[in-house]
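Undergrad: give the three-dimensional model of this entry:
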Amino acid sequence: MAAKHKNMKRYIFNTLMALSLLLLLATAGLWVDSYWHYASLRIKDGKISYVAENLDGRIITGWLESMIPPVVPYGGLTLEELDWEWQRQSPPFVSLFQPKTPLYVDSSLIGFGYAASPDWSGVIRNLVQVPHWFLALFFTIFPTIWFIKWNKRRKLGPNACPGCGYDLTGNESGACPECGVGTKAEAVKA
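TA: Next up is the predicted model:
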């Protein structure tokens with residue numbers, strides 16, 4: 001039963017490591033692209049728009065709530081009929097995070113920020129800003145732990161205990177005398 005549990009833990013950890021590595025690569029790509037292009041995704045749900053922006057080494061996400069009746073942009077569609085919008089443009093950039101009124105709140109610390117205020121157009125902004133470097137650092141945690149464990153296992157000899165590294169040459173009991181981790185007796189007889 002312990003072997004199944006250990007294999008499941010290893011499977012979950014390896015899956016998290018692979019997902020984290022993919023997210024790290026995606027973050028690195030977005031980070032580089034954020035200095036060349038402005039990208040924005042808006043998903044509309046009634047009066048609330050959920051937004052995500054990629055700009056100047058940061059990701060800005062949150063929601064905007066309209067306090068005014070819908071206007072008719074986009075050739076006759078009202079904002080209630082518009083489900084989503086994707087926008088990508090080259091410089092100069094215009095971000096949702098730029099201050100529009102004195103009520104703008106910015107608690108920026110090394111790239112982090114938060115804005116919650118109504119602006120001049122009657123839109124309530126609730127935005128969070130996270131720098132790409134933080135996301136990249138966060139997504140390196142699992143790959144780093146995996147690499148440290150892999151490097152430790154690689155340095156152990158072929159007859160070493162996987163738990164503590166004790167040399168199990170000649171041990172036929174099937175368990176490490178130091179830590180009690182079960183081993184394959186056939187591999188140790190050599």
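
Undergrad: next secondary structure after the one helix or strand residue 134 maps to?
TA: In this structure, residue 134 sits in helix 132-139 according to DSSP states H and E. Next along the chain after helix 132-139, taking DSSP H and E as the criterion, comes helix 141-155.

Undergrad: from residue 159, how far out is the residue located most distally from the centre of the chain?
TA: Distance from the centre of the chain peaks at residue 170, with 46.8 Å (C-alpha atoms, centre = their mean). Using C-beta to C-beta, to the nearest Å, residue 170 is found at 9 Å from residue 159. For every residue, glycine as well, the C-beta is placed using N, CA and C.

Undergrad: please identify the helix or strand for the residue farthest from the centre of the chain.
TA: Following DSSP H and E, there is no helix or strand that holds residue 170.

Undergrad: need the phi and psi values for it.
TA: phi 90, psi -10 (degrees, to the nearest 10).

Undergrad: wait, residue 61 sits on residue 135?
TA: No. Applying C-beta atoms under 8 Å, one finds residue 61 not in contact with residue 135, separated by 11.4 Å.

Undergrad: pretty sure residue 57 sits against residue 132.
TA: Yes. Under the criterion of C-beta under 8 Å, residue 57 makes contact with residue 132 at 5.3 Å.

Undergrad: so what's the model's average confidence on stretch 115-134?
TA: Averaging pLDDT along stretch 115-134 yields 79.

Undergrad: output it in PDB with nothing but the alpha carbons.
TA: Taking Å, rounded to 0.1, in the frame of the first residue of the first chain, the C-alpha atoms of stretch 115-134 are listed here in PDB:
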ATOM      1  CA  ALA A 115      -6.300  49.900  -8.500                       C
ATOM      2  CA  ALA A 116      -9.900  50.200  -7.300                       C
ATOM      3  CA  SER A 117     -11.700  53.400  -8.300                       C
ATOM      4  CA  PRO A 118     -14.300  54.900 -10.500                       C
ATOM      5  CA  ASP A 119     -12.900  56.900 -13.400                       C
ATOM      6  CA  TRP A 120     -14.200  59.800 -15.500                       C
ATOM      7  CA  SER A 121     -16.200  57.500 -17.900                       C
ATOM      8  CA  GLY A 122     -18.300  55.900 -15.200                       C
ATOM      9  CA  VAL A 123     -16.400  52.700 -14.900                       C
ATOM     10  CA  ILE A 124     -15.400  51.100 -11.600                       C
ATOM     11  CA  ARG A 125     -12.000  49.600 -11.900                       C
ATOM     12  CA  ASN A 126     -10.800  46.600  -9.800                       C
ATOM     13  CA  LEU A 127      -7.400  45.700 -11.200                       C
ATOM     14  CA  VAL A 128      -4.400  43.800  -9.800                       C
ATOM     15  CA  GLN A 129      -0.900  44.100 -11.400                       C
ATOM     16  CA  VAL A 130       1.700  41.300 -11.100                       C
ATOM     17  CA  PRO A 131       5.100  41.500 -12.700                       C
ATOM     18  CA  HIS A 132       6.300  38.700 -15.000                       C
ATOM     19  CA  TRP A 133       9.500  38.200 -13.000                       C
ATOM     20  CA  PHE A 134       7.400  37.100  -9.900                       C
END
